[in-house]
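Participant: got a structure for you, letters missing:
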Ligand SMILES: NC(=O)C1=CN([C@@H]2O[C@H](COP(=O)(O)OP(=O)(O)OC[C@H]3O[C@@H](n4cnc5c(N)ncnc54)[C@H](O)[C@@H]3O)[C@@H](O)[C@H]2O)C=CC1
Ligand SMILES: O=C1[C@@H](O)[C@H](O)[C@@H](O)[C@H](O)[C@H]1O
């Protein structure tokens, strides 16, 4: 366990650069061995000062670089399938940012490739499972004190969306987190989705259906509603309230310090996910490094990533058609044993 795990990071943009900093300065047991980004200047900037990292414009070259033992994929979603399959072919353990792939067909190919190998290689980057508040809520629901969960009311707001963000991406990029969180919290698959279109905010870029109101049905008969609003302008806010038979529990109101003075009260509101979920990303990457060094793979599975892609795809079709859309999952391979209620 003395040697540091050599990690190749694919993609040195917003998330990739943050994970490179995290691997270099926050988590223990790992080092950045290589980075790949078609934008070489961005890759060089992300590893400035990290003497051990080689820089590549091609992902394959980074996987083959000296000292690479594991891969962190932080390239855009459409590049994930190729990177995952290349890592699997080399037997390299992977932490792959969400989404597994944006399309269900690609996600199924990745699922089948891992299942064919007969052992897990990839952890999917659904970091909310490592957030202290989400973990507290999960523990409370699992211990049964509140009775059976009936509904989840979720809220997901971003200050602004990146350029080129589409109406579909509100679901397959942003709501993908609620899809995974709901499946995990409830221990149930999502079976159908309906998307309602509130009036569009004047703060939304031309042509973007923002906000949206998404309703999921679960196999156990619970309902999950999600307000997704990615150009709210005022803060990064993620909340979830579980309403159960014998009580309710809500997370996401934690503002740190609340100041009261002169007849008013105020608190800082985080402006983006890198602040709100900083601890969750740190725990996620540390857990991945620790498990990899033990020769294990833990955390969200490729099945979880596949299910999220299928549900999100049904959500995008529901947005387009305006009708309730059923979710159809492929049979679950034995490799991904079912857990939860
Ligand atoms: N877990 C979370 O909360 C978040 C996850 N993400 C996910 O992280 C991934 C990256 O998102 P961002 O960093 O925001 O995007 P970004 O656009 O800031 O960066 C992506 C980088 O990947 C590079 N790239 C493009 N094709 C590549 C390839 N084939 N191989 C290697 N690099 C390639 C681009 O040049 C760019 O530098 C996405 O999957 C996104 O969904 C993004 C934001 C938050
Ligand atoms: O994953 C993320 C982004 O890709 C997505 O675009 C944002 O809406 C989410 O808040 C963030 O966590």
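Facilitator: Yep, that arrived. For clarity, every value in this text was computed on a predicted model and none was experimentally measured. Ligands and ions are numbered 1, 2, ... in the order given.
Participant: Can I take it that residue 306 is in a helix?
Facilitator: Yes: assessed with DSSP: H, G, I helix; E, B strand; the rest coil, residue 306 lies in a helix.
Participant: give the contact list for residue 271.
Facilitator: Residue 271 makes contact with 159, 235-236 under the criterion Cβ atoms under 8 Å, 6 or more residues apart in numbering. No exception for glycine: its C-beta is placed from N, CA and C like everyone else's.
Participant: Closest one to ligand 1 out of these, please.
Facilitator: Ligand 1 lies nearest to residue 236 out of the contacts of residue 271, by Cβ to the nearest ligand atom, at 10.3 Å.
Participant: Would you agree that closest one is in contact with residue 159?
Facilitator: Yes: in this structure residue 236 lies within contact range of residue 159 using Cβ atoms under 8 Å: 6.1 Å.
Participant: joint contacts of these two?
Facilitator: By Cβ under 8 Å, 6+ apart, residue 236 and residue 159 have these common neighbours: 271-272.
Participant: next one: phi and psi at the most far-flung residue of the chain relative to its centre?
Facilitator: Within the chain, residue 262 marks the point farthest from the mean C-alpha position, 40.7 Å out by Cα atoms, centre = their mean. Note on residue 262: backbone dihedrals following degrees, to the nearest 10 are phi 50, psi 40.
Participant: Please renumber the chain so that the first residue is 55 from this point on.
Facilitator: All right, first residue 55 from here; so that's residue 316.
Participant: In contact with whichever residue of the stretch 205-354 of the chain sits closest to ligand 1, which residues?
Facilitator: Across the stretch 205-354 of the chain, no residue is closer to ligand 1 than residue 327, which sits at 4.6 Å (Cβ to the nearest ligand atom). Applying Cβ under 8 Å, 6+ apart to residue 327 gives the contacts 212, 290.
Participant: Spell out which residues of the stretch 105-254 of the chain are next to ligand 2.
Facilitator: Residues of the stretch 105-254 of the chain lying close to ligand 2 (Cβ under 6 Å from any ligand atom) are 212, 227-228, 231.
Participant: ok, for residue 185, nearest residue in space, not its chain neighbours?
Facilitator: Distance criterion Cβ to Cβ, 6 or more residues apart in numbering; nearest residue to residue 185, sequence neighbours excluded, is residue 334 at 3.9 Å.
Participant: same deal with residue 151?
Facilitator: Among residues not flanking residue 151 along the chain, residue 179 sits closest, at 4.2 Å (Cβ to Cβ, 6+ apart).
Participant: can you tell me which of the contacts of residue 325 lies nearest to residue 191?
Facilitator: Among these, residue 290 lies closest to residue 191 (Cβ to Cβ), at 18.7 Å.
Participant: Relative to residue 371, how far out is that closest one?
Facilitator: Distance of residue 290 to residue 371, computed by Cβ to Cβ, to the nearest Å: 28 Å.
Participant: and the strand or helix carrying the residue nearest to residue 185, what other elements does it pack with?
Facilitator: Per DSSP states H and E, residue 334 falls inside helix 332-348. Helices and strands touching helix 332-348, by 3 or more Cβ pairs under 8 Å, 6 or more residues apart in numbering; DSSP states H and E, are strand 59-64, helix 68-79, strand 124-127, strand 148-151, strand 176-179, helix 186-197.
Participant: what about that helix, near ligand 2?
Facilitator: No: using Cβ under 6 Å from any ligand atom, helix 332-348 stays clear of ligand 2, coming no nearer than 9.9 Å.
Participant: What are the boundaries of the strands in the stretch 105-254 of the chain?
Facilitator: For the stretch 105-254 of the chain, the strands defined by DSSP state E, counting those that start in this stretch cover 108-110, 124-127, 148-151, 176-179, 203-211, 244-250.
Participant: quick one: the fifth one to helix 186-197, angle?
Facilitator: On the basis of axes from the mean of the first three to the mean of the last three Cα atoms, to 10 degrees, strand 203-211 is oriented at 170 degrees to helix 186-197.
Participant: Please compute how far strand 203-211 lies from its chain's middle.
Facilitator: 17 Å (Cα atoms, centre = their mean, to the nearest Å).
Participant: Could you do the fourth one as well?
Facilitator: Here strand 176-179 is found 9 Å from its chain centre; the criterion is Cα atoms, centre = their mean.
Participant: So what are the sheet partners of it and their directions?
Facilitator: Using DSSP bridges, the strands paired with strand 176-179 are strand 148-151 (parallel).
Participant: what comes up buried for the partner strand?
Facilitator: 148-151 (16 or more other Cβ atoms under 10 Å).
Participant: again with stretch 241-255
Facilitator: Buried, per 16+ other Cβ under 10 Å, within stretch 241-255: 241-249, 254-255.
Participant: Reformat the strands of the stretch 105-254 of the chain as JSON lines; add distance to residue 70.
Facilitator: Shown next, in JSON lines, are those (distance: least, Cβ to Cβ, whole Å):
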{"stretch": "strand 108-110", "distance to residue 70": "12"}
{"stretch": "strand 124-127", "distance to residue 70": "8"}
{"stretch": "strand 148-151", "distance to residue 70": "8"}
{"stretch": "strand 176-179", "distance to residue 70": "11"}
{"stretch": "strand 203-211", "distance to residue 70": "22"}
{"stretch": "strand 244-250", "distance to residue 70": "29"}
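Participant: As JSON lines, those with distance to ligand 1 and mean pLDDT would be great.
Facilitator: JSON lines is the format used below for those (distance: least, Cβ to the nearest ligand atom, whole Å; pLDDT from 0 to 100):
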{"stretch": "strand 108-110", "distance to ligand 1": "9", "mean pLDDT": "97"}
{"stretch": "strand 124-127", "distance to ligand 1": "8", "mean pLDDT": "98"}
{"stretch": "strand 148-151", "distance to ligand 1": "4", "mean pLDDT": "98"}
{"stretch": "strand 176-179", "distance to ligand 1": "5", "mean pLDDT": "98"}
{"stretch": "strand 203-211", "distance to ligand 1": "11", "mean pLDDT": "98"}
{"stretch": "strand 244-250", "distance to ligand 1": "19", "mean pLDDT": "98"}
